[in-house]
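J.: Can you look at this prediction? I've put the sequence above it.
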Protein chains: 2
Amino acid sequence: MSKQWLMHFEEGNQSLAGLLGGKGANLAEMTRAGLAVPPGFTITTEACRAYYLESRLPGGLFREVREAMTVLEVRKGQRFGDAAAPLLVSVRSGSVTSMPGMMDTILNLGLNDETVQGLAAATNNPRFAYDCYRRLIQMFGTVVFGIEGAWFEKKLHALKEAHAAHSDQSVTAEAWQELIGTYKSLILKRAGTAFPQDVYEQLHMAVEAVFRSWNNSRAQIYRRLNGIPDEQGTAVNIQAMVFGNLNEASGTGVVFTRNPSTGEGVLFGEYLTNAQGEDVVAGVRTPQPIAGLQQDMPAIYEQLVAMAGLLEKHYRDMQDIEFTIENGTLYMLQTRSGKRTAQAAMRIAVELVRAGILTREEALMRVEPSHLDQLLHPSLDESAAPAALGTGLPASPGAACGQAVFTADEAQEQARSGKAVILVRTETTPEDIHGVLAARGVLTSRGGMTSHAAVVARGMGKPCVCGCEALVIHAKQRRAVIGGQTIAEGDWLTIDGATGRVMIGEVPLKEADMSAELLEMLQWADDVRGMKVYANADNPEDAAKARSFGAEGVGLCRTEHMFLSPQRLPIVQKMILADTEAVRAEALGELLPMQRSDFAAIFRAMAGLPVTIRLLDPPLHEFLPNLEDLLTRHAHLSAARKERAASTPETDESPGIPAAANSNERSSGPVIRSDVSRESIPAGGRQSPESDLELQQLEALIRKVRGLHEVNPMLGQRGCRLGILFPEIYGMQIEAIFAAVQDCIRDGIEVSPEIMIPLVGHANELRIMRELVDQVAQKMLGDNRNAVPYRVGTMIEVPRAALTAPQIAAHADFFSFGTNDLTQMTFGYSRDDAEGKFLTHYVDNKLLPDNPFQVLDRDGVGQLIDLAVTRARALKPKLKTGVCGEHGGDPKSIRLCREMGLDYVSCSPYRVPIARIAAAQAEIEAAEAEKNSLAEQQKIVS
Amino acid sequence: MSKQWLMHFEEGNQSLAGLLGGKGANLAEMTRAGLAVPPGFTITTEACRAYYLESRLPGGLFREVREAMTVLEVRKGQRFGDAAAPLLVSVRSGSVTSMPGMMDTILNLGLNDETVQGLAAATNNPRFAYDCYRRLIQMFGTVVFGIEGAWFEKKLHALKEAHAAHSDQSVTAEAWQELIGTYKSLILKRAGTAFPQDVYEQLHMAVEAVFRSWNNSRAQIYRRLNGIPDEQGTAVNIQAMVFGNLNEASGTGVVFTRNPSTGEGVLFGEYLTNAQGEDVVAGVRTPQPIAGLQQDMPAIYEQLVAMAGLLEKHYRDMQDIEFTIENGTLYMLQTRSGKRTAQAAMRIAVELVRAGILTREEALMRVEPSHLDQLLHPSLDESAAPAALGTGLPASPGAACGQAVFTADEAQEQARSGKAVILVRTETTPEDIHGVLAARGVLTSRGGMTSHAAVVARGMGKPCVCGCEALVIHAKQRRAVIGGQTIAEGDWLTIDGATGRVMIGEVPLKEADMSAELLEMLQWADDVRGMKVYANADNPEDAAKARSFGAEGVGLCRTEHMFLSPQRLPIVQKMILADTEAVRAEALGELLPMQRSDFAAIFRAMAGLPVTIRLLDPPLHEFLPNLEDLLTRHAHLSAARKERAASTPETDESPGIPAAANSNERSSGPVIRSDVSRESIPAGGRQSPESDLELQQLEALIRKVRGLHEVNPMLGQRGCRLGILFPEIYGMQIEAIFAAVQDCIRDGIEVSPEIMIPLVGHANELRIMRELVDQVAQKMLGDNRNAVPYRVGTMIEVPRAALTAPQIAAHADFFSFGTNDLTQMTFGYSRDDAEGKFLTHYVDNKLLPDNPFQVLDRDGVGQLIDLAVTRARALKPKLKTGVCGEHGGDPKSIRLCREMGLDYVSCSPYRVPIARIAAAQAEIEAAEAEKNSLAEQQKIVS
């Protein structure tokens, strides 16, 4: 037998996580370190993979399990299935990468109608024994037989009502026995088979169920969300039970070695006396803060603090520890690196560095860049905040506003249609994960800081308020009541995850300040990284914001956003609809001073840093009204006209709707009044006599819009194609840039304008546009031209541009890879059409490893960039290169950019700190890799 | 002085064409061969380039010209500007590549008010002298001063009317003197300066004008059309005049050494006695066939035949010779390789090979592939041809139908809107070239076989009937009269360029037979070429046609064309609109037998040859009605409903038009009646009560069409993305293919199906689709599966596919480069939007060397193909590769495909012979290049 099917805790260690799973490896590690861990063994992930290969448990596995059980029996002095001293075990999944709450667990396995009596006798606590047994049957029913938990809960609820029991603790042994009968019938009815009395049959079925649970849908979603490979598989940990619910000298709890919300260096956590671990995690009972344990059981508390310190030092990270106290003895059930908020992560990392436990580089590598933006989340504008109607636990920081929804499905649906929602639930379960993902924030009425909702929300960096007991939820009626007020579905709510406050209405939010730890960490990142971080900013506010987050320049300023304001749009439309060059020139003349002041303001905000301005990019029809709206309006006007015609005998024929077919009109068509804007096309059907004139104008406009219509606007007349056909438009923009430069110079402000020509596909395009820039610069700056170090470059966003990079580089001072469009054209995916249609299917079904619009595609788009950079630099070694697509803010993509030797990434202002960290991590990884390869070489040499 | 500004004819030779232009080099070659060429010299193209560089004639040039003129004076015993024995010269442009009629010429230069009297005295022919002088002034006026020829013609016409002269010949010397005065005033008035009396001033201005003419718009158009580089420049030939219009023992003519229409090996051409060369070329007088010269001047004729033979042997090609007879002496004025029809080209080439003058390879290289399709032009269906209303000269073969237009501009405009037009002109001039280009055929009432219209039409491979004297054209009134019938603009005409017949109406055309010479040439091509030629054929008829043209397989069978027939479209729509899988399956079940018989018929037509079938490619909405039509219909129905509502008090609200915004519907929406087809949406507004039901169905349909709407359909849900989302559709097509295979096998027909998956961008797509094909094959063929050598491959049409070719090749038996889409995505050009918009501007302004949809882009798209082929073959050396875009029929692109080592090209059936020749030429060129490089290497070695 070459495969390793199982391993006792004593035999394993932390480095075997791939084989034993994280939990198994940690249990082994703790066991070897001499901590009080109940004895057990781990069925390996290899067995899981074999199970999926053969669709059954591998042969020989159970022989080994029986042998291992014998070892446990000896250690515990009990026997599995023995009526007098029954050994009970837990069966838990344990994946390689932590997937909290995603998978299945069965406790108290080994109980049956006989052994339960033995347990009752041995503990002298029949209520406890039957409680254990009913828990087993319920867990077994849901996990093994797949019966919905609600069926069991209903029976439990009915039982408690019948016995007038307010809590589980007040249920008597007899009542539990009654429930056990009910549960057994329930299983027989729903699963068609009886609850197994043979304890090895129980064990066999449980192991198989855990293996199956690896592929349940919530586990699959979690893996996809977290990039965990499907072929890892899960291990199964079988461990002798210890009972936190044995008596009042027993209990169970979860502690973090530091506060996972703030990072403060004190033990943090919760416990319940006389309870099993699942009661804490599931949030069924609201637990006590761990500080309470110091009063209740001071000796145990001391032991716990000592062990926590030991474990943190051992693992060099904050630990998330599960413990159980059985009749005054403390057992460690699990330890792992704890999930934390970004704020806590910063503080913990910085403090571990200060304590000499970590190096700066190690601390940087510990930061999860994707969680960082949580730190930059807006918080409540306290000056505008109303009184809270209730307060829950501050489970995950940040404030969020949204419309209330009461189910995960509804959250997902509403979010898809673009709404901001707050998911309001009594408590969340793993089945709700898609709802949490879709919501802006989560609010629950039950559960503590380590409840499912809290853990998941923190993991995702979403604001969350938990256990707000003032909240009464009527999910079926889609409403809730808090502080006497009713919240109906769709009502606005604001939650503050930092304080736990819940408010009705849409409270204004304000930007977060950066903590001292974050600033320190970012400084370390800046010391390490080689790649610069720019920001995409279209206005002075964004530029200032980006600068405050550490942006070292503007990598993309989209000038078209400046065209869309209500005051400017009519002028832009006048320019587009111009019949003569004179009219166009007039409109451009009106736009010039506006653009000039736009640019000057951005230059001021970024004084001393480069500002990359992209000239007009979108097709002109984007600035005109929508054709369908116009046609609808036309239909209304025509109908009104006909009506009038019917009541007035003499009237000439309607000119009719202009034909669509083969319109070959030039882009300067018939004269149209210049004040036609989106706003001036009312939807209703005014039926006054002036509508004849309006009809004519409308038809002229329709002709124009049709003339500019494109079948595939993404591949149409846009970018520098506009600049080449209408050099006067680009000319105006360039003039505005240099005028703004002069304004700033006059005020003593240092400016570094970089003019970016979009959508170049052939070197000639850039050559001609560059000539235009140089001409205007000469005209505007004259002899001062050399005093302003302006650059001219291009976006590389058409595959052909990447392929012919050396030719294009001859005319370029910089290349900015427009990875959004480059991805669209390299894949042949229209983002508008792909996402939500086939692309979702592709990602869900693993045809693609990632959504290429989120993570830069290494093999295709990456290859093009690499090829372009390498070849262009061979010709022009100092060519500046960067990425300005959305990928510029994605850590995985940033790593690839570093690898390809780009000079900078540019991303949205809020992602600048993330990019700084990610760039540093990429640098550290690269240095590490180089060191390893050097070591490898030296090995070969020596 | 390092530059060579001029060269006497005696000093040059044929190899100096780059410096002397074609005409100058030939004049030099003829002079050195001892033929009777009037003395002269050539101002070089270097001088022309210097002129464009300095914007004036280069310094020193005119000193050299004066010296050279002295040499001419000595030879002719005359002096330039001498009142007694004046030397007259012609000044002609002469470009490197022949550009017939595109550029300018001035004759009789050296005449002024004094020298004209000397000429009159010397020739004792005042009428001749004044005729020469008025011609000079007119040519000078148009060429140098740019006055429109019509101004002069009007004066000439008025003069002839006033003097009742029917022809130029009957105008008296006195009348010519009167006209000379009129012309001089005309020049003074229109040019603001007098006609120069200083003969060197005349010469200076003439040379400069010829240089200028290099850049006039018709020369530019011609160059672009023929791919002649702008920087070549033109030479200027200055040659002593000889006078074909001196007396009745004089004359001028143009002969071809063989018949340029048929290739027959007899002298072919025309002449006029007592005329200057321009009279023949311009088609002003209708000349006599050259055979007439044998009667009129037998000795001259013998000399001409001998010289023709000499020249053809010397140049190893059919020659186009201009000659002049001056008072009984024969002079050669020009020789060059003659333009010819494709049919003639074949025959000439084959006969030159038979005569041992050319090798087969040389003959093949002489074939212009782009003219070959002329041979495949349809001809008249004689059984349906009506009697001709008139007959002209059969100037360029092939038959054409079209609507009559009377100006070149109109021809261009109508052709742009998709109409077939015949350009009807009295005669054409170089200004009409865009009209000839746009027309299906050309009909003139004047001019001979060597007139402008004839030469240009032959060059373009367009049918042309010339000199149809029965035709009277009233261009201003946009009508013509022939055989008593009036042809108005827009009336249908049919011309037969093979016989010269002109018919009214649209006469059916039939396919051309291939001549024995063409077949022989194609056979030679097949012997030489290595690359296979397949055809794109979507139905059995096209497949059969392609096979008859020599196609060696079907490279692209587009299955969607089979979906669009009126009987099938409703079923396709039913499939698309299906609400349930059952309904979709039912529709697919109906389509299956249809596709099966389609495929079987194509397999039969191509028995023994590979047939590449591309599975469904276009987005599904292409099969549904147009949204705008539906909305218009909806508006009508709603209005009708409202009207009824107004007359009937109780009615419920209109359901309203479905909203457009953010429709997130899945593609299987509400059930819709399956018989909704494009045809079933009438444009009018039926207002019956059933329209309520119709309205509801319409709204459902609108929702569906909106759901499938795409912003950029080119980059949307199409190709294999459909196959992955709806495997049942591809499954049906694959099943139909294998069913057809079985049908054929049963009938003993050999089949080689190649199943092509479109739009693959990631290897996983092809992997999954290949699995589907193999599954269906297994299901359909079972144990016979291995007996049918089917292949599975993909179109490489997404840049990413080319970039990741090795991964994709792992699942492919063949790659077919879909260069149409690959060009669209590599350039980021939507063909629908680019052509006629910016792309036209780009090509016209030389931003791009060619339209990349016509000529494969070497640097971008070519690079991708090359990279894909090289890398994929490294992994899979036997991978079959080809091109199936339109480029497969373009000779320049075919050369590139050969270079990149593709196995085949696939093109439309009619271009198969062209592709065969082009592939052979590519092979010969490659062999030549290899030989040269080997020789080069040996030189280095030795």
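T.: That came through, no problem.
J.: So what's the residue count around residue A:44?
T.: Residues near residue A:44, counting by other C-beta atoms under 10 Å in any protein chain shown, number 26. Backbone N, C-alpha and C define where each C-beta goes, glycine included.
J.: pretty sure it is touching residue A:18, no?
T.: No. The pair residue A:44 and residue A:18 fails to qualify as a contact (C-beta atoms under 8 Å) at a distance of 9.3 Å.
J.: Tell me the spacing between residue A:422 and chain B.
T.: 21 Å (C-beta to the nearest C-beta, to the nearest Å).
J.: Tell me the residues of the stretch 751-900 of chain A that contact chain B?
T.: Proximity of the stretch 751-900 of chain A to chain B (C-beta under 8 Å from any C-beta of the partner chain) is limited to residues A:759, A:761-762, A:764-765, A:768, A:797-800, A:803-804, A:807, A:821, A:824-830, A:832-834, A:836-838, A:841-842, A:846-848, A:857, A:859-861, A:863-864.
J.: same thing but at 7 Å, please
T.: Contact residues, the stretch 751-900 of chain A versus chain B (C-beta under 7 Å from any C-beta of the partner chain): A:759, A:761-762, A:764-765, A:798-800, A:803-804, A:824-830, A:832-833, A:837-838, A:841, A:847-848, A:859-860, A:863-864.
J.: what's the span of stretch A:534-550, first residue to last?
T.: Taking C-alpha to C-alpha, to the nearest Å, stretch A:534-550 runs 8 Å from one end to the other.
J.: For residue A:926, list the residues it contacts.
T.: Residues in contact with residue A:926 (C-beta atoms under 7 Å, 6 or more residues apart in numbering or on different chains) are residue A:898.
J.: the strands in the stretch 51-200 of chain A, which residues?
T.: A:89-95, A:105-109 (DSSP state E, counting those that start in this stretch).
J.: Restrict the residues of the stretch 751-900 of chain A next to chain B to the buried ones and give me that as a ChimeraX selection.
T.: The buried residues among those can be selected in ChimeraX (16 or more other C-beta atoms under 10 Å in any protein chain shown) with this line:
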select /A:759,761,762,764,765,798,799,800,803,804,824,825,826,827,828,829,830,832,833,837,838,841,847,848,860,863,864
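J.: so of the residues of the stretch 751-900 of chain A next to chain B, which ones are in helices?
T.: Among those, DSSP state H puts A:764-765, A:799-800, A:803, A:824-827, A:832-833, A:838, A:841, A:863-864 in helices.
J.: Tell me the one among those residues nearest to residue A:439.
T.: Set against residue A:439, the nearest of those by C-beta to C-beta is residue A:841 (24.1 Å).
J.: Isn't the closest one up against residue B:723?
T.: No. The criterion here is C-beta atoms under 7 Å, and residue A:841 misses it with residue B:723 at 11.9 Å.
J.: Name the spans of the stretch 501-650 of chain A whose pLDDT lies under the cut-off.
T.: In the predicted model of the stretch 501-650 of chain A, residues A:646-650 satisfy pLDDT under 70.
J.: residue boundaries of the strands in it?
T.: Along the stretch 501-650 of chain A, counting by DSSP E, counting those that start in this stretch, strands occupy A:501-504, A:509-510, A:532-536, A:554-558, A:610-614.
J.: Residue A:195: what's it in contact with?
T.: With C-beta under 7 Å, 6+ apart, residue A:195 has these contacts: A:137, A:140, A:184, A:187.
J.: ok, now with 8 Å
T.: When contacts are counted by C-beta atoms under 8 Å, 6 or more residues apart in numbering or on different chains, residue A:195 touches A:137, A:140-141, A:183-184, A:187-188.
J.: Show the buried residues in those.
T.: Among the contacts of residue A:195, those scoring as buried are A:137, A:140-141, A:183-184, A:187 (criterion: 16+ other C-beta under 10 Å).
J.: tell me the two of these that are most distant?
T.: A:140 and A:184 (10.6 Å).
J.: Hmm, residue A:575 and residue A:584 touching each other?
T.: Yes. Using C-beta under 8 Å, residue A:584 is in contact with residue A:575, at 5.5 Å.
J.: Name the residue in these two with the higher neighbour count.
T.: Taking neighbours as other C-beta under 10 Å, residue A:584 and residue A:575 compare with residue A:575 leading, 25 against 20.
J.: how much space between that one and residue B:220?
T.: 31 Å (C-beta to C-beta, to the nearest Å).
J.: before we move on, what about residue A:81?
T.: 99 Å.
J.: Between these two, tell me which one has more neighbours.
T.: Set residue A:81 next to residue B:220 and count neighbours by other C-beta under 10 Å: residue A:81 wins out with 21 against 15.
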